[in-house]
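The amino acid sequence is not available; the structure is as follows:
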């Protein structure tokens with residue numbers, strides 16, 4: 001082939017490749033936000049899902065006692081075995097190097113989140129552990145559950161540092177505020193209790209009209225606390241004066257809730273299998289996502305807030321493009 005023919009061939013090749021890339025990019029840009037991008041098959045009911053601070057890995061767990069770590073593209077990275085029974089709670093440390101898990105076997109386990117290896121086991125005892133969370137400085141891990149006490153453990157030596165007592169029934173949820181001193185906890189006794197976790201001082205209660213609280217979330221600026229409440233859907237309060245904000249419409253059967261990292265949106269999961277995204281400024285509905293079969297128990301945003309991760313009774317973890 002002549003040099004001119006070779007040149008024309010390369011021109012055509014580059015043109016075709018450019019056209020393919022242009023079409024692919026256009027398809028991605030035009031893909032509707034709020035669409036399911038991937039569905040990851042877990043084994044059995046998935047009760048909880050959480051995303052590492054840098055977006056990788058994504059952790060899921062539930063009724064089969066195994067924790068799974070996924071890549072953001074949906075590939076299985078590690079399986080973590082060690083719990084006996086349901087795994088009810090998961091949380092990444094602020095740096096993302098540790099994953100805490102808790103469950104019906106009365107333990108909190110600390111894992112290397114990158115290698116997928118068990119580092120420490122904390123024997124909590126009592127009636128099982130339902131929720132776990134790291135303090136904002138990463139030095140403590142909090143646990144709560146069947147016993148109506150929030151316990152704070154040292155990450156470095158796994159010793160009990162402090163117990164927060166005041167609840168009268170099982171605790172289902174707790175959340176650290178970003179102010180480095182406040183923690184909220186809630187469960188079956190119909191109130192949200194607010195604490196100074198640094199001193200152990202009780203700071204008061206937020207009544208939920210005797211409704212059971214299933215989940216709590218705090219906005220990035222710490223100014224809004226939202227709860228998934230049995231029989232009342234979603235409820236939220238200003239944290240400065242603890243005044244309840246306007247009611248949500250169409251938020252019944254809420255099981256889990258999470259703010260995005262900007263505090264502009266929040267997502268909730270529901271008993272009817274739907275996932276709903278709301279404006280955090282006024283509580284108006286943005287979109288509803290359908291794809292799960294049965295209740296959806298877990299929800300979280302990736303750090304770029306472009307992907308929503310959910311987990312449910314149908315044994316799947318789903319990744320959604322969100323508006």
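Okay, I see it. Computed from a predicted structure; not experimentally measured.

Nearest spatial neighbour of residue 224, chain-adjacent residues omitted?
residue 236 (5.8 Å; CB to CB, 6 or more residues apart in numbering). C-betas here are computed from N, CA, C, even on glycine.

So that neighbour lies in a helix, does it not?
No - checked against DSSP: H, G, I helix; E, B strand; the rest coil, residue 236 lies outside a helix; its state is strand.

ok, for residue 248, nearest residue in space, not its chain neighbours?
Nearest one to residue 248, counting by CB to CB, 6+ apart, is residue 234 at 4.5 Å.

Run through the residues that contact the one you found.
226, 227, 228, 248, 251, 254, 257, 268, 278, 283 (CB atoms under 8 Å, 6 or more residues apart in numbering).

Of the residues you listed, which is the most crowded?
Tallying neighbours with other CB atoms under 10 Å puts residue 228 at the head of these, with 28 neighbours.

Could you list the low-confidence segments of the chain?
Residue ranges of the chain with pLDDT under 70: 1-34.

so where do the helices sit in it?
Ranges of helices in the chain, per DSSP state H, are 3-30.

so residue 204 bridges to which residues?
Beta bridges link residue 204 to residue 194 when assigned by DSSP bridges.

Verify the contact between it and residue 242 for me.
Yes - here residue 204 reaches residue 242: they are 7.3 Å apart, a contact under CB atoms under 8 Å.

Now list whatever residues contact both of the two.
Going by CB under 8 Å, 6+ apart, residues that sit against residue 204 and also against residue 242 are residue 194.

got a list of what the residue nearest to residue 183 when sequence neighbours are not counted touches?
Counting by CB to CB, 6+ apart, residue 183 lies nearest to residue 197, which is 4.3 Å off, once chain neighbours are set aside. Residues in contact with residue 197, defined by CB under 8 Å, 6+ apart, are 135, 140, 142, 152, 162, 164, 176, 181, 182, 183.

what about the closest residue to the fifth one other than its chain neighbours, neighbour count?
In this case it means residue 162. Spatial nearest neighbour of residue 162, chain neighbours left out: residue 152 (4.5 Å); criterion: CB to CB, 6+ apart. Residues lying near residue 152 (other CB under 10 Å) number 21.

So what pairs up with residue 152 in the strands?
Going by DSSP bridges, residue 152 forms beta bridges with residue 142, residue 162.

how much space between it and residue 185?
Residue 152 sits 11 Å away from residue 185, going by CB to CB, to the nearest Å.

list the residues that contact both of the two?
With CB under 8 Å, 6+ apart as the test, residue 152 and residue 185 both reach residue 164.

if we can go back for a sec, distance to residue 111 for the contacts of residue 234 - can I get that in JSON lines?
As requested, those are exported to JSON lines (distance: CB to CB, whole Å):
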{"residue": "226", "distance to residue 111": "28"}
{"residue": "227", "distance to residue 111": "28"}
{"residue": "228", "distance to residue 111": "26"}
{"residue": "248", "distance to residue 111": "35"}
{"residue": "251", "distance to residue 111": "34"}
{"residue": "254", "distance to residue 111": "29"}
{"residue": "257", "distance to residue 111": "25"}
{"residue": "268", "distance to residue 111": "28"}
{"residue": "278", "distance to residue 111": "32"}
{"residue": "283", "distance to residue 111": "36"}
